[in-house]
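J.: For reference, the sequence and a predicted model appear below.
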Number of protein chains: 2
Amino acid sequence: MITRMSELFVRTLREDPVDAEVPSHRWLVRAGYIRRTAPGIYSWLPLGFRVLRNVERIVREEMDAIGAQEVHLPALLPKEPYEATGRYADYGDNIFTLTDRKGGGYLLGPTHEEIFTLLVKDLYSSYKDLPLSLYQIQTKYRDEQRPRAGILRGREFVMKDSYSFDVDDEGFAKSYQLHRDAYVRIFDRLGFEYAIVSAMSGAMGGSASEEFLAVSPNGEDTFVRSPGGYAANVEAVRTAIPEALTDEQIAALPAAHVEDTPDTPTIDTLVAVANAKVPRTDRPWQASDTLKNVVVMVRHPDGTREPLVIGVPGDRQVDLKRLGAQLEPAEVEDFTEDDFAAHPGLVRGYIGPGALGAESATGIRYLVDPRVVTGTRWVTGANEPGRHVFDLVTGRDFTPDGTIEAAEVREGDEAPDGSGPLRLARGIEMGHIFQLGRKYAEALGLKVLDANGKLVTVTMGSYGIGVSRAVAAVAEGTSDEKGLCWPRELAPFDVQIVVAGKGDDITAYAGDLSAALDQAGIRVLLDDRKASPGVKFADAELMGMPTTVVVGRGLADGTIEVRDRRTGAAEQLPTADAAARITAIVRG
Amino acid sequence: MITRMSELFVRTLREDPVDAEVPSHRWLVRAGYIRRTAPGIYSWLPLGFRVLRNVERIVREEMDAIGAQEVHLPALLPKEPYEATGRYADYGDNIFTLTDRKGGGYLLGPTHEEIFTLLVKDLYSSYKDLPLSLYQIQTKYRDEQRPRAGILRGREFVMKDSYSFDVDDEGFAKSYQLHRDAYVRIFDRLGFEYAIVSAMSGAMGGSASEEFLAVSPNGEDTFVRSPGGYAANVEAVRTAIPEALTDEQIAALPAAHVEDTPDTPTIDTLVAVANAKVPRTDRPWQASDTLKNVVVMVRHPDGTREPLVIGVPGDRQVDLKRLGAQLEPAEVEDFTEDDFAAHPGLVRGYIGPGALGAESATGIRYLVDPRVVTGTRWVTGANEPGRHVFDLVTGRDFTPDGTIEAAEVREGDEAPDGSGPLRLARGIEMGHIFQLGRKYAEALGLKVLDANGKLVTVTMGSYGIGVSRAVAAVAEGTSDEKGLCWPRELAPFDVQIVVAGKGDDITAYAGDLSAALDQAGIRVLLDDRKASPGVKFADAELMGMPTTVVVGRGLADGTIEVRDRRTGAAEQLPTADAAARITAIVRG
């Protein structure tokens, strides 16, 4: 079927939407692919919907190919199963909740682990029924604090979520690998650069997870890669840990000593005063010799608030995103003036290990960066205004309550597996695959009889792809200064035919060519509007079909022009075999 | 791709679900097509999902064929537009509402008139942009008071909704007819018996509407048809109205007279006493000579309650569904003891027109059946215990506040257009098409410039099909005492191959045959389970693929068996050209 621009429900816009922060948002709205209905909630217009369906088709084909079976579960879900696994509380304000006319509690599904677990429990009971992989392509909901960037981070979005069920870890490893391989094929077909990185599992839980990130300067996620192949979301980066000193080596270190260090509320002032007053003989003091203790307030899902002190080398900031990821589902809040007033044991600017720890007088939990290993020597607060303690040795002079991955990760940091220095990049989370283990099966009682007739808890994986987000991510990666520029497999149409002139012969030829291409199975958008060629060319570039065909003045000489949207290359084709030549171009 | 029963996510059940009231619900659950997740909320398992997608495909093809363009709007919608049109209040408890983390009010879309209106207003501004028809296939929500019958009346369901936009009534008439014709093709392809009937528009509003009802004894709707072609939902039936008497004729009637009629609280007792005490000369009194006045309480959407009296001929009941449809969005409640106590002007059992009407002492609104035309003579209550008034003439002795279509419709009643006696039947509402007129465009300001440069309000239609309900309706119409029995175009698979024996030759041949059919584009479900042939045959009949192929003992003699699910006919085919023969059967 030929689609005519004069009838297509589309209106291209000359102005960027006021809230557009990223190219994909700008172009998808300006080219008439999507339209905002409410904050973080978008309508898909005919062009956008075609791209969305193309992404769905690719995802569906690859999921079917690994034997995953398509189902469709509700989006409106009873809250009880989510309470049983703790996710109802963990998600907190991030899910939409509602009450039905009879007072029943419901939520709009963010993901469906609970419901799939119950469904399989409902129908299956034996190891013979496994392995099993189920998936759905469905509308999901998350009440984001700050929805942004159009459909990159929306509150209503389309996801492919799948779930694997295995009787044991060995079976699970196979199911996981099958999914991982399918994801590689899907992202290869979607055609953008992506990285597979270790990730935090967050509210999902489970033992480990990996993310598929579309590499993009506008991505919300930061990730690292090393030359030797280490790759992780910055939230999940493990710090390369120095070797701890032996007791013998520690015995050779000088004893800790407290010094007056007036007016040193910052690391820089401290380093300056230390070098002036207690100079080192081997080299000057530097920021990395200091141990900075940052106090934050942790709000637990049950509403209780707990002070927490994080110790990091003084040359590094605490990365609140990394810290937040470690503490999830608890949230990190500022430690306020009132909080300091309520905890007089914390001497602002001079907080040190001496006043910290679950066993200390303050009772405040103290977690340190993994670099703060046994035997490391530090300059740090002495818990008195204007005083610091020098040569305070971890393990000898203080013992933190544990470590935490909360210090910022820097370009050039060593990879934890020794595979070289880390490079930082930004990406858009396109897929996330989780080793759930038995968390959900345990909470909801999904057990099957194994080969020995014994009841065993099922092992699960869950696997998500942001289908609507993929539309934006591809646009983000492929658009240029003129507009969208679709890979052929995702484009709404293969060819946009521009009628560039008013002659009847031009109209007639464009119609005939459209019909011939349509006959050949090419998806044709015919721009038959009463508009100037200039307007039509600009719209064709904005809308981004891979191939534009211009039927205009050249027709008198027996030629039409074919333009490649990506390269901009133009070619004159004789009208005689134009349909065959264009078909060949489209077929690649 | 061949699907193997041993791997398919399905579990057939021997027992009916406890809440199953209708065959489609029973069989769809027992055959493993759907599974209940919450009241009125179902999960689609692989088999059910395939049928759902088949229905979607048919709907999509026919909508595309009339030039309607597919889009996809959100399901989570801001409430303001629905407040602007009044539907937010009209729907009341029938919609799911929720509040986001910032306090914004939302609802889960029951239908999308408001949002489509705003979208078109957002992008279009000229008559040249019209006509326009948009559609979506989407999950919809309605918080039904009594969800029932599985997916026949669910709270989350899949609908195709489309909307037409025209600059004038003439254009609208074409758009409406295009949709109506497309619906005829869709329902023809779905393959069930249906009726197109006049209907009430309810909360949707607009000037007129038609329903497509699947004829089914388990349908919730009752409709009527006459030999001459009149067809209407019983709620929308117009009563055939007798001719009013002229003033001259009325002058010849006897004067009204009140009689003692003790102990006549019912119509039967009244007729008996009347015949005993004030006998007619021409014929005995009968129930249809009496005017029964029924008092109900009307609850308006704003919460106010208003008494209302309905006058109907004594031989007919008030049909609460018809009454409710007339009063929508107000609801009808019982008139309680307390209500009677609060309205002493209403003499229970003896209520008559003398005490009724907006102008009367009680001030209670009085609406009568359309049969109560000017000049009709009645026996009715005298508003005193034990007394009735005889020969009370409409228009002479009393004037009701208006008429209302609330009396029961009976088999044999005359069609209002004189096309013969009505027959009653039951049906399932499968589609509903609405002439919305300018209701939504007016409320939300959708205007375009017409050919004269004048702003005109757009004329709209809206058109719905219950896509998930269609799955149930087809099951309802085609299932038999053994289970489901799908029309070929809707079946999850074309052929179910039953491996009926343990021999390696049987397994091998079944595998080869499956591969050959798959190659030919036939959708094959291979029952390769380790189960007895009896179990497999029963499951094949329960699951309802149109064709079953049995590969079993006959193989030794070079034959296999092909069974037709609908007719039960079995045929032996030589193995040699079995694949070709089966392909021919499937292709019809």
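T.: Arrived safely.

J.: A:Arg566: how many residues sit nearby?
T.: Taking other CB atoms under 10 Å in any protein chain shown as the criterion, the count of residues near A:Arg566 is 15. C-betas here are computed from N, CA, C, even on glycine.

J.: got the contact list for it?
T.: Taking CB atoms under 8 Å, 6 or more residues apart in numbering or on different chains as the contact definition, A:Arg566 lies against A:Thr478, A:Cys485, A:Pro546.

J.: On the pLDDT front, check the last one for me.
T.: Among the per-residue scores, A:Pro546 holds a pLDDT of 97.

J.: Not counting its neighbours along the chain, what's nearest it?
T.: What sits nearest to A:Pro546 in space, not counting adjacent residues and going by CB to CB, 6 or more residues apart in numbering or on different chains, is A:Arg488, at 4.9 Å.

J.: Equivalent analysis for the first one, please.
T.: Taking CB to CB, 6+ apart, and ignoring the residues beside it in sequence, A:Thr478 has A:Cys485 as its nearest neighbour in space, at 4.8 Å.

J.: From A:Asn218, how far off is the one you found?
T.: Summarising the geometry, the distance separating A:Cys485 from A:Asn218, computed by CB to CB, to the nearest Å, is 16 Å.

J.: more crowded one of these two?
T.: Residue environment comparison for A:Cys485 versus A:Asn218 gives the larger neighbour count to A:Cys485, 22 against 19, counting by other CB under 10 Å.

J.: In a helix, that one, correct?
T.: No. Secondary structure assignment places A:Cys485 outside any helix; it is coil (DSSP: H, G, I helix; E, B strand; the rest coil).

J.: what are the ranges of the helices in the stretch 201-350 of chain A?
T.: Taking DSSP state H, counting those that start in this stretch as the criterion, the stretch 201-350 of chain A contains helices spanning A:247-251, A:267-277, A:320-327, A:337-342.

J.: In CSV: those, plus mean neighbour count and mean pLDDT.
T.: Putting the helices of the stretch 201-350 of chain A into CSV (neighbours: other CB atoms under 10 Å in any protein chain shown; pLDDT from 0 to 100) gives the following:
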stretch, mean neighbour count, mean pLDDT
helix A:247-251, 11, 88
helix A:267-277, 17, 90
helix A:320-327, 18, 92
helix A:337-342, 11, 92
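
J.: I'd like to know which of the ones you listed lies nearest to chain B.
T.: Chain B sits nearest to helix A:320-327 of all these, at 17.4 Å, using CB to the nearest CB.

J.: counting contacts, what elements does that closest one pack onto?
T.: Using 3 or more CB pairs under 8 Å, 6 or more residues apart in numbering or on different chains; DSSP states H and E as the contact definition, the elements that helix A:320-327 packs against are strand A:331-333.

J.: Check whether A:Arg348 really touches A:Ala341, as I assumed.
T.: No. Counting by CB atoms under 8 Å, A:Arg348 stays clear of A:Ala341, with 10.6 Å between them.

J.: in the stretch 1-150 of chain A, which spans are strands?
T.: Defined through DSSP state E, counting those that start in this stretch, the strands belonging to the stretch 1-150 of chain A, from first to last, are A:3-4, A:34-38, A:41-44, A:69-70, A:76-78, A:97-99, A:105-108, A:132-141.

J.: How far away from the center of its chain is the fourth one?
T.: Spelled out, that is strand A:69-70. What separates the centre of strand A:69-70 from the centre of its chain is 25 Å, taken as CA atoms, centre = their mean, to the nearest Å.

J.: just the helices in the stretch 1-150 of chain A please.
T.: Listed in chain order, the helices of the stretch 1-150 of chain A (DSSP H, counting those that start in this stretch) span A:23-30, A:46-65, A:80-84, A:87-91, A:113-123.

J.: dump the residue contacts of the closest residue to chain B within the stretch 351-500 of chain A.
T.: Relative to chain B, the nearest point of the stretch 351-500 of chain A is A:Ser468 (9.5 Å; CB to the nearest CB). A:Ser468 sits next to A:Leu52, A:Ile151, A:Gly154, A:Phe157, A:Val158, A:Met159 when contact means CB under 8 Å, 6+ apart.

J.: Which of the residues you listed fall within helices?
T.: A:Leu52 (DSSP state H).

J.: okay, who's weakest in the contacts of A:Ser468 by pLDDT?
T.: Of all the contacts of A:Ser468, A:Ile151 carries the smallest pLDDT score, 86.

J.: Against A:Arg153, how distant is A:Pro242?
T.: The span separating A:Pro242 from A:Arg153 equals 38 Å under the rule CB to CB.

J.: same deal with A:Pro262?
T.: Applying CB to CB, one obtains 47 Å for the distance of A:Pro262 from A:Arg153.

J.: can you check A:Ser360 too?
T.: Here the distance between A:Ser360 and A:Arg153 works out to 41 Å (CB to CB).

J.: got it, and A:Asp122?
T.: If you measure A:Asp122 against A:Arg153 using CB to CB, the figure is 34 Å.

J.: of those two, who's got more company?
T.: A:Arg153 (19 against 14).

J.: domain parsing for chain A?
T.: What automatic domain parsing lists as the domains of chain A is A:16-237+A:424-476, A:247-403, A:495-587.

J.: What's the local residue count around A:Ala397?
T.: Heads up, residue A:397 is Asp, not Ala. 18.

J.: show me what contacts A:Glu331?
T.: A:Glu331 makes contact with A:Val298, A:Arg299, A:Gly324, according to CB under 8 Å, 6+ apart.

J.: Regarding chain A, what is its longest strand?
T.: Of all segments of type strand in chain A, defined using DSSP state E, the longest is strand A:423-437.

J.: quick one on the thing from earlier: can you put the contacts of A:Ser468 in CSV and add neighbour count and distance to chain B?
T.: Formatted as CSV, the entries for the contacts of A:Ser468 read as follows, by neighbours: other CB atoms under 10 Å in any protein chain shown; distance: CB to the nearest CB, whole Å:
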residue, neighbour count, distance to chain B
A:Leu52, 23, 7
A:Ile151, 30, 11
A:Gly154, 27, 9
A:Phe157, 24, 10
A:Val158, 23, 9
A:Met159, 22, 14
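
J.: Restricted to strands, list the contacts of A:Ser468.
T.: Using DSSP E, A:Phe157, A:Val158, A:Met159 are the members of the contacts of A:Ser468 that sit in strands.

J.: Whichever residue of the stretch 451-588 of chain A sits closest to chain B: what's its closest spatial neighbour, skipping adjacent residues?
T.: Using CB to the nearest CB, the single residue of the stretch 451-588 of chain A nearest to chain B is A:Lys530, 8.7 Å away. By the measure of CB to CB, 6+ apart, the closest residue to A:Lys530 outside its immediate chain neighbours is A:Ser6, 7.9 Å from it.

J.: And for A:Asp527?
T.: Here the nearest residue to A:Asp527 in space, its sequence neighbours aside, is A:Met5; by CB to CB, 6+ apart that works out to 4.3 Å.
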